[in-house]
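S.K.: let's see this in three dimensions:
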Amino acid sequence: MYRTLFSLVLSKFDPERAHHLAFLVIRALPALGLGGLVRRFTAPDPSLAVEALGLRFASPFGIAAGFDKDGEAVIGLGDLGFGHVEVGTITALAQPGNDRPRLFRLIPDRAVINRMGFNNHGAGVAANRLLRVRRARRRPVLGVNIGKSRVVAVEDATQDYLTSARALAPVADYLVVNVSSPNTPGLRGLQELELLAPLLTAVKEVADSTPLLVKIAPDLTDEQVEKIAGLAVELGLAGIIATNTTLSRDGLTTDPAVVEAAGAGGLSGAPLAARSLEVLRLIRAHVPAELCVISVGGVETAEDVQRRLDAGATLVQGYTAFLYRGPLWARQINVGLLRLRRSLVEA
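M.R.: Alright, predicted model coming up:
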């Protein structure tokens, strides 16, 4: 039914407007007292639970940063069956993001191009809201993804990240340093080891007991991925998230004119799957088993999720396929994972 609704109605909406409409419904679930009713249908089977980062995840599958930028729909997303919700990217300073239009569907590729630009209301506002989320009786694991404020120079990035970390680490189950979005000028340069090492060292100290992860780009070379993996181990980080969106436009089937009209931004969705899986395998080959590796990029089905888990992912995230699969996507993944595991046992 959702596929028909998307094809006939939602695909005709501006993508950002369609996102906001869906977001309002998800946000309203607990406010209308519907969360418990929805959970009866969507709650993951207890056998899917994962222990990681010193936390219990009801499912290995969660929603990636970008969907809930300010932490406004965490409870509703948990009600839909996501085992964890990573909010953000949040910056120290409130910012409107880039000019619209800034979100574009590539429907034949089941992909999206975005140049949102970290639009959010700032770390202080988010911290107050997430404090209330933390007190909720039923909630998913809460990750908080932080990035550099656009107006802050790269050379001042560390202090900017520290402002966010001080505000948000106390309300996060885990904290993520995002140095890999292509939509903030100069941000990806922070993945260079001579800049990344002091940044992560400083944030880790402020984060204190909150598990700290770093999120990297798929456009790094294999050598760069290996070096960052080594750095994460050296610094004692809790984990790595791989990967963010890509600048590549290779292998797309969408009309080139449509792709060109969309312009700059990060590409996410199915075309990212192969590289994301490659980076996952590369990281896992260079880090100890106990390091948490969260795989994201091109994940759509339960088979996709299980493939990432089999390749060494501790947890898996998705986002873009939510636009194409609809509100029961997390339930479809969880039911599919359970079916795959039962069929393996029976075999």
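S.K.: in the stretch 201-347 of the chain, where is pLDDT below threshold?
M.R.: For the stretch 201-347 of the chain, the stretches flagged by pLDDT under 70 are 347.
S.K.: let me fix that, I meant to ask about the stretch 1-150 of the chain.
M.R.: Ranges of the stretch 1-150 of the chain meeting pLDDT under 70: 1-12.
S.K.: residue contacts, the residue most central in space within the chain?
M.R.: By CA atoms, centre = their mean, the chain has its centre lying nearest to A64, at 2.0 Å. Residues near A64 by CB atoms under 8 Å, 6 or more residues apart in numbering: 86, 296, 317-319. For the C-beta atoms, the positions are set from N, CA and C on the backbone; glycine is no exception.
S.K.: just the buried ones from these?
M.R.: Buried positions within those, assessed by neighbour count (16 or more other CB atoms under 10 Å), are 86, 296, 317-319.
S.K.: can you tell me which of these are in strands?
M.R.: Judged by DSSP state E, the buried ones among the contacts of A64 include 86, 296, 317-318 as members of strands.
S.K.: now do the strands in the stretch 51-200 of the chain.
M.R.: 55-57, 61-63, 84-90, 103-106, 111-114, 141-146, 174-178 (DSSP state E, counting those that start in this stretch).
S.K.: I'd like to know which of these is closest to E155.
M.R.: Closest approach to E155 among the strands of the stretch 51-200 of the chain (CB to CB): strand 174-178, 16.9 Å.
S.K.: quick one: contacts of the closest one?
M.R.: Contacts for strand 174-178 (CB under 8 Å, 6+ apart): 53, 55, 65, 86, 88-89, 141-147, 161, 165, 168-169, 187, 199-200, 203, 207, 210-215, 238-239, 241, 244.
S.K.: cutoff 7 Å now
M.R.: 53, 65, 86, 89, 143-147, 161, 165, 168-169, 199-200, 203, 207, 210-215, 238, 241 (CB atoms under 7 Å, 6 or more residues apart in numbering).
S.K.: and the angle for that strand with strand 141-146?
M.R.: 30 degrees (axes from the mean of the first three to the mean of the last three CA atoms, to 10 degrees).
S.K.: most tightly packed of the strands of the stretch 51-200 of the chain?
M.R.: By mean neighbour count, with neighbours taken as mean count of other CB atoms under 10 Å, strand 84-90 ranks first of the strands of the stretch 51-200 of the chain at a mean of 29.
S.K.: ok, now which ones touch R138?
M.R.: So R138 contacts G78 (CB under 7 Å, 6+ apart).
S.K.: buried residues in the strand or helix carrying V25?
M.R.: For V25, the element it lies in under DSSP states H and E is helix 15-31. Judged by neighbour count (16+ other CB under 10 Å), helix 15-31 contains these buried residues: 15-16, 18-19, 22-23, 26-27, 29-30.
S.K.: which residues touch it?
M.R.: 10, 35, 38, 72-73, 75-77, 79-80, 100, 102-105.
S.K.: can I get the buried part of those as one ChimeraX selection?
M.R.: A single ChimeraX command suffices to select whichever of the contacts of helix 15-31 are buried according to 16+ other CB under 10 Å:
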select :10,35,38,72,73,75,76,77,79,80,102,103,104,105
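S.K.: coming back round to it: could I get the contacts of A64 as TSV with distance to P182?
M.R.: TSV is the format used below for the contacts of A64 (distance: CB to CB, whole Å):
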residue	distance to P182
E86	18
V296	15
Q317	18
G318	19
Y319	15
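S.K.: and of those, the nearest to V112?
M.R.: Y319 (8.5 Å).
S.K.: which residue sits closest to L282 in space, ignoring its chain neighbours?
M.R.: By the measure of CB to CB, 6 or more residues apart in numbering, the closest residue to L282 outside its immediate chain neighbours is V225, 5.2 Å from it.
S.K.: for that neighbour, give me its contacts.
M.R.: If a contact means CB under 7 Å, 6+ apart, then V225 has 216, 279, 282-283 as its contacts.
S.K.: one more time with 10 Å
M.R.: Neighbouring residues of V225 by CB atoms under 10 Å, 6 or more residues apart in numbering: 191, 216-218, 240, 242-243, 278-280, 282-283, 286.
S.K.: what does P288 give?
M.R.: Contacts of P288 (CB under 10 Å, 6+ apart): V233.
S.K.: what's the answer for G117, then?
M.R.: Here G117 is in contact with 89, 91, 95-99, 102, 147, 150, 181, 183-185, 265 (CB under 10 Å, 6+ apart).
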